[in-house]
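Engineer: My questions concern the predicted model and sequence given below.
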Amino acid sequence: MSEYLESTDRQYTKVYKEHTPDILAAFATFDEAVFAKDGRAIPLKYRELIALAVSITTQCVYCIDGHSKNAVKAGADEAELAEAAWVATAIRAGGGYTHGRLAFKLSGAHEH
């Protein structure tokens, strides 16, 4: 995924630093707490695999890049990365299925 990221992308963090440094700092503190190595109920490897699955579901290339690497650093192997990807795929497919039902409901076509 790294090839989708430009080396200059991080330079835009300066906008946050300039205009909303308090929120940026709060986010950084929050993110550090969520992904702390120790002290959480869910081991870091599993938190990173959850983050990877969510990243795949939201299709954020930055998050996929970072969390796939972080999951491996935390001990995940390719089989676990693959299963996380399949979990994400199942959730997206399930969303399509259930939103299809919503389309039937909202269309009114079933009333004819």
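Structural biologist: On my side now, so go ahead.
Engineer: For residue 68, grab the count of nearby residues.
Structural biologist: 21 (other C-beta atoms under 10 Å). All C-beta atoms are positioned from the backbone trio N, CA, C, and that covers glycine.
Engineer: my bad, residue 71
Structural biologist: When neighbours are defined as other C-beta under 10 Å, residue 71 has 24 of them.
Engineer: Spatially nearest residue to it (excluding sequence neighbours)?
Structural biologist: Among residues not flanking residue 71 along the chain, residue 48 sits closest, at 3.8 Å (C-beta to C-beta, 6 or more residues apart in numbering).
Engineer: Kindly export the helix or strand hosting the one you found (C-alpha atoms) in CSV.
Structural biologist: Following DSSP states H and E, one finds residue 48 within helix 44-58. Output of helix 44-58 as CSV, limited to C-alpha atoms (Å, rounded to 0.1, in the frame of the first residue of the first chain):
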residue,chain,number,x,y,z
LEU,A,44,-2.1,-5.4,21.0
LYS,A,45,-1.9,-8.0,18.1
TYR,A,46,-5.7,-8.4,18.2
ARG,A,47,-6.3,-4.6,18.5
GLU,A,48,-4.1,-4.1,15.4
LEU,A,49,-6.0,-6.9,13.5
ILE,A,50,-9.3,-5.2,14.5
ALA,A,51,-7.9,-1.9,13.2
LEU,A,52,-6.8,-3.6,10.0
ALA,A,53,-10.2,-5.1,9.4
VAL,A,54,-11.8,-1.7,10.1
SER,A,55,-9.3,0.0,7.8
ILE,A,56,-10.1,-2.5,5.0
THR,A,57,-13.8,-1.9,5.5
THR,A,58,-13.4,1.9,5.4
